[in-house]
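> Provided below are the primary sequence and the corresponding predicted coordinates.
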Protein chains: 2
Amino acid sequence: MAQTRRQFLQQVGITGGAGVMYSTMSALGLTGVAETPAYAAPSRVELNGRGKHIVILGAGIAGLTSAYELLKAGYKVTLLEARNRPGGRNWTVRGGTVETDLAGNTQRATFSPGQYMNAGPARLPQHHVTLDYCRELGVAIEPFVNQNADAYLYREGTTALSNKPIRHRTAKADVYGYVAEMLAKATDQGALDGQLTGTDKQALIGFLSSFGSIGNKAAGFAYTGADGRRGYEIEPGAGMEGGTTAAPYALSDVFASGVGNYFSFEFGWDQAMMMFQPSGGMDRIPYAFEKAIGQEKIQYGAEVTGLRNTTAGVEVTYRSGTRTRIISADYAICTLPPHLAAKVPSNLPTPIIEALKYARPTNAGKIGIEYGRRWWEEDHRIYGGITNSNLDTVNTWYPSTGFHGKRGTVIGYYNTGANANVYGALTPAARLERALMQGTKIHGDVYGKDVKASFSVNWLGTKYSEGAWVGWPSQTDGIYARLLDATGNIYFAGDHLSHAIAWQHGAMVSARAAVTALHSRVTSR
Amino acid sequence: MAQTRRQFLQQVGITGGAGVMYSTMSALGLTGVAETPAYAAPSRVELNGRGKHIVILGAGIAGLTSAYELLKAGYKVTLLEARNRPGGRNWTVRGGTVETDLAGNTQRATFSPGQYMNAGPARLPQHHVTLDYCRELGVAIEPFVNQNADAYLYREGTTALSNKPIRHRTAKADVYGYVAEMLAKATDQGALDGQLTGTDKQALIGFLSSFGSIGNKAAGFAYTGADGRRGYEIEPGAGMEGGTTAAPYALSDVFASGVGNYFSFEFGWDQAMMMFQPSGGMDRIPYAFEKAIGQEKIQYGAEVTGLRNTTAGVEVTYRSGTRTRIISADYAICTLPPHLAAKVPSNLPTPIIEALKYARPTNAGKIGIEYGRRWWEEDHRIYGGITNSNLDTVNTWYPSTGFHGKRGTVIGYYNTGANANVYGALTPAARLERALMQGTKIHGDVYGKDVKASFSVNWLGTKYSEGAWVGWPSQTDGIYARLLDATGNIYFAGDHLSHAIAWQHGAMVSARAAVTALHSRVTSR
């Protein structure tokens, strides 16, 4: 296209939606900010009366995003959703939530008013388009505490640092301190002279000095832990109390313990602070989409039982209560989990069915435990964040909201794979019992006391999902790619068709890609 | 005291105040948590009708804390405060705030409703007793964003990385990547064999592999920056978009740039995340104290002009409007800044006056800039946090509240010492002009546009403070220590009499120490 940058900016300014100006600025190199590929929402001008009817299978995030974007341009949209709520895996459990899993366990959540757990996605990085939709849809956000120096690391085992909770800050100070000490020594002794100039060495040692809070050359670059960053036995206080520190753990013990292996999490593209969550629960997003789309366009309790390309468009069969219904439309966007979509009777060609089956579901589990007192704040001085361990609970999340309130809901485990399966195989009551037993190892007896309510999810055993997310043996061998183009009049979308799997961002950008392709096809005719 | 642990816990449970159970548990080694020295508020039972009248000089945080704790036990309290508000340096500037500084500059803040700047203290670590008072007084808190991977580092200069904004995450990935690569190489090549066993080496290299996201031995432990933690040119997205990364900056350039020297800030005892702020402004704390104490006990607009020990107690002279008044009481707690207290006519002995004068005021400056659009979120994808630079603005703070709102107030500079003096010497209009010029270097032209309001503070030129905080040439040479005991019937308190100077925590624990000493004296008679 022979258009000027200015013309292009005007165009996307006219037709754009959430994040589009930002994406575009980035794509043009105006801000130097990494971002999603530029996206321009379909426009009514382009559609020019050629409004088609699109049936969307699934009102999870991909389905809702697809519907919302298509409606901007004047398409007719029908969403079919098997559950009685929008969001799919975006699911906030509150008091009154009832769910029966595939093993037949029925749970009725009894969380107090204001208490909840996000059973599925629970955190949003700053750069995900999910935040753009929050802004566009008016969903209030607040920080999600993904990193807290005062949360614990706990390693069951036989090392000198095993079987006791260690603050993140303490482990980090010792690990970084020793790393700095060793590298400064090696550098000073010339071990890296092949790689470093004299100027490099000086700059590096300068950095290491602050990074590890180590002594100078005369002090052997020694790490002593005396500056307080690892914590105090008595905090600096009034009068003469300058703070009392303990000696660092021994170097061999620190590295043998494995505590350092948790730190890289917080450097991750998708996990580095700041992170956010919708105030009041993650499902504020799907409910805001539902409101923007119009509830009347969503058929809840509609289990898809057939999907066919026809000469005129598509035909979708679904069960609604005891009835079977058929809906015809010009196009379909199928956002069902691929391994479940593969089981729907259809006239999709075998290579497409094979591609859908190529996805491998992963399990994840979570338990929400409501306590009558926020003991993690009052007794342990932990305000949000994550304690990591090598117990089968893996991650304990302290709530990022309601600080200083009367009650609070801890995520007692967030685990995946084999650890999730261990809990998934138990009854909800037994999951709680086991989670309390494990959490007590880290937090002491308080962990098992004053439990007011609990609810657990085992995603592999959750109807209509049967997995937390999927993995692909490969995304480059051509099989996955079969699902990226339309099959006849049927498009596919979902986080599984992205490189941000298990994130709402992935579902959203995949939906945008499907909408863009569909709209381009309609308007080019 | 021959009492059991249980008896002691019961005792402090009865008499305690904010944080006391926690502190006590810690002091007894029950939680292993570093904490302030245990504190038990004075009790009515102990006082047993021996209520004395205490006059408190200054209704800053130390004065308010002193009054609040003394009132718990039934003391009669009078607070004298020169300003017309509580809090002292805890000062939140909103639309309508008017202030004339010592140079004669009068500013009238025109911030929009809901917009504000905390001109003094602005952040609270999890372990400070300030949070206990927030809980006890019902002051709602929310996270303060003290660390953000997507904020910038900016170094004006002549290195290859100078004069362009670099994301914290990018600088960190490169610095940590190269550190890991170098230390892995040196370790593998035996440079540290004098310090490390074979087991240590294996564990260390395992750690470095995740810490720096480096290649294995066969790959020369090379850092390539390909894992995305340093950011993307194109973010992972739909379909086949796996994300496009750029090559890391060269090792020599990274260390020459000095960007790594900012990281240790986030490891600090007082600065590591999570950090908090009162929702709605830091002055929610002094106003909550004022409410709990009773406004009628605070004499505003009362400038202390004399302080005397008498045979019966103390006598304080103060100016209230055009009148001079004298108040007599049993004891006084003087919380005035020490360098200002030294100038008050008094009969304090010379060594005490010398000790007060021994404090050295430090300057700090801040400017709040309200923008009509939250361009840092929309264009730069920065949701709160701090951009650091070697410009004289030093720190730029993006707001930690009101995310996705219409407007927002950036702290355009938070600087100290010589940098603060540069801005302090300017008129408020010239400070804004200079701050915008500097901020534009980092953020582009958007920084200078759509400014709705601004207000700046120069603490050295601020009446009744004349400094942001003080430093002591020494806290161990005996001079500082003269102020820790009562001089006759006069006690001293304030953050300057603590090892948490410039923090409200320091003022609070110092006030508690003064109250404890005073109460012990009264009840032992």
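The structure has been received and is ready for your questions.
> What residues does the stretch 301-450 of chain A have near chain B?
Residues of the stretch 301-450 of chain A lying near chain B by Cβ under 8 Å from any Cβ of the partner chain: A:378, A:379, A:380, A:381, A:382, A:383, A:384, A:385, A:400, A:403, A:404, A:444. All C-beta atoms are positioned from the backbone trio N, CA, C, and that covers glycine.
> what's the closest of those residues to residue A:228?
Proximity of these to residue A:228 (Cβ to Cβ) peaks at residue A:381, which lies at 15.2 Å.
> just curious, which of the residues of the stretch 301-450 of chain A next to chain B is nearest to residue A:178?
Of all those, residue A:385 has the smallest distance to residue A:178: 24.0 Å, by Cβ to Cβ.
> Next, count neighbours for the closest residue to that closest one other than its chain neighbours.
Closest residue to residue A:385 apart from its sequence neighbours, by Cβ to Cβ, 6 or more residues apart in numbering or on different chains: residue A:148 at 2.5 Å. By the measure other Cβ atoms under 10 Å in any protein chain shown, the count of residues near residue A:148 is 24.
> how about residue A:148, what does it touch?
The contact partners of residue A:148, taken as Cβ atoms under 8 Å, 6 or more residues apart in numbering or on different chains, are A:168, A:382, A:383, A:384, A:385, A:386, A:398, B:126, B:273, B:274.
> out of those, what pair is the most spread apart?
A:386 and B:126 (14.4 Å).
> Next, work out how far apart the residue located most distally from the centre of chain A and chain B are.
Residue farthest from the centre of chain A, counting by Cα atoms, centre = their mean, is residue A:218 at 47.5 Å. Distance, residue A:218 to chain B, using Cβ to the nearest Cβ, to the nearest Å: 18 Å.
> mind checking the SS state of that residue?
helix (DSSP: H, G, I helix; E, B strand; the rest coil).
> separation between it and residue B:264?
The spacing between residue A:218 and residue B:264, counted by Cβ to Cβ, to the nearest Å, is 21 Å.
> cool, residue A:169 as well?
12 Å.
> can you list residues touching both of these two?
Common neighbours of residue A:169 and residue B:264 (Cβ under 8 Å, 6+ apart) are residue A:229.
> So which of these two has more stuff around it?
Comparing residue A:169 with residue B:264 by other Cβ under 10 Å, the one with more neighbours is residue A:169, at 22 against 19.
> doesn't residue A:232 make contact with that one?
No. The criterion here is Cβ atoms under 8 Å, and residue A:169 misses it with residue A:232 at 10.6 Å.
> list residues touching both of those two?
Taking Cβ under 8 Å, 6+ apart as the criterion, residue A:169 and residue A:232 both touch residue B:269.
> buried residues in stretch A:136-155?
Within stretch A:136-155, the residues scored as buried using 16 or more other Cβ atoms under 10 Å in any protein chain shown are A:136-137, A:139, A:141-155.
> Show the end-to-end separation of that stretch, please.
Length of stretch A:136-155, first residue to last, Cα to Cα, to the nearest Å: 43 Å.
> Kindly report the same for stretch A:256-269.
For stretch A:256-269, the first-to-last residue distance is 27 Å (Cα to Cα).
> hmm, it in reach of chain B?
Yes. Stretch A:256-269 comes into contact with chain B (Cβ under 8 Å from any Cβ), by way of A:256, A:258, A:260, A:261, A:263, A:264, A:267, A:268, A:269.
> give me the low-pLDDT residue ranges for chain A?
The model of chain A has pLDDT under 70 over residues A:1-37.
> try 90
Scanning chain A for pLDDT under 90 picks out the ranges A:1-41, A:43-51, A:524-525.
> List the neighbours of stretch A:430-448 that are in contact with it.
A:152, A:154, A:156, A:163, A:165, A:365, A:367, A:369, A:375-376, A:379-380, A:387, A:389, A:391-393, A:396, A:410, A:412-413, A:423, A:426, A:451, A:454, A:456, B:31.
> no, scratch that, I was asking about stretch A:358-366
Here stretch A:358-366 has contacts from A:117, A:119, A:337-339, A:411, A:413-417, A:419-421, A:423-424, A:431, A:456-460, A:466-473, A:479-480, A:496, A:502, using Cβ under 8 Å, 6+ apart.
> Might you report the residue contacts of the closest residue to chain B within the stretch 301-450 of chain A?
Closest to chain B within the stretch 301-450 of chain A is residue A:404: 4.5 Å, counting by Cβ to the nearest Cβ. Applying Cβ under 8 Å, 6+ apart, we find residue A:404 in contact with A:374, A:377, B:131, B:134, B:135, B:140, B:141.
> what helix or strand does the third one sit in?
Which is residue B:131. Applying DSSP states H and E as the criterion places residue B:131 in helix B:129-137.
> do the same with residue A:45
helix A:44-47.
> again with residue A:514
Using DSSP H and E, residue A:514 falls within helix A:504-523.
> May I ask you to confirm that residue A:325 belongs to a helix?
No. Residue A:325 sits outside any helix when classified using three-state DSSP, being strand.
> how many neighbours does it have?
For residue A:325, the neighbour count with other Cβ under 10 Å is 14.
> separation between it and residue B:121?
Using Cβ to Cβ, one obtains 63 Å as the distance from residue A:325 to residue B:121.
> and what of residue A:213?
Going from residue A:213 to residue B:121 by Cβ to Cβ gives 25 Å.
> and the residue of the stretch 351-500 of chain A nearest chain B?
Residue nearest to chain B within the stretch 351-500 of chain A: residue A:499 (3.7 Å; Cβ to the nearest Cβ).
> which residue packs closest to that residue, ignoring adjacent ones?
For residue A:499, ignoring the flanking residues on the chain, the nearest one in space by Cβ to Cβ, 6+ apart is residue B:236 at 3.7 Å.
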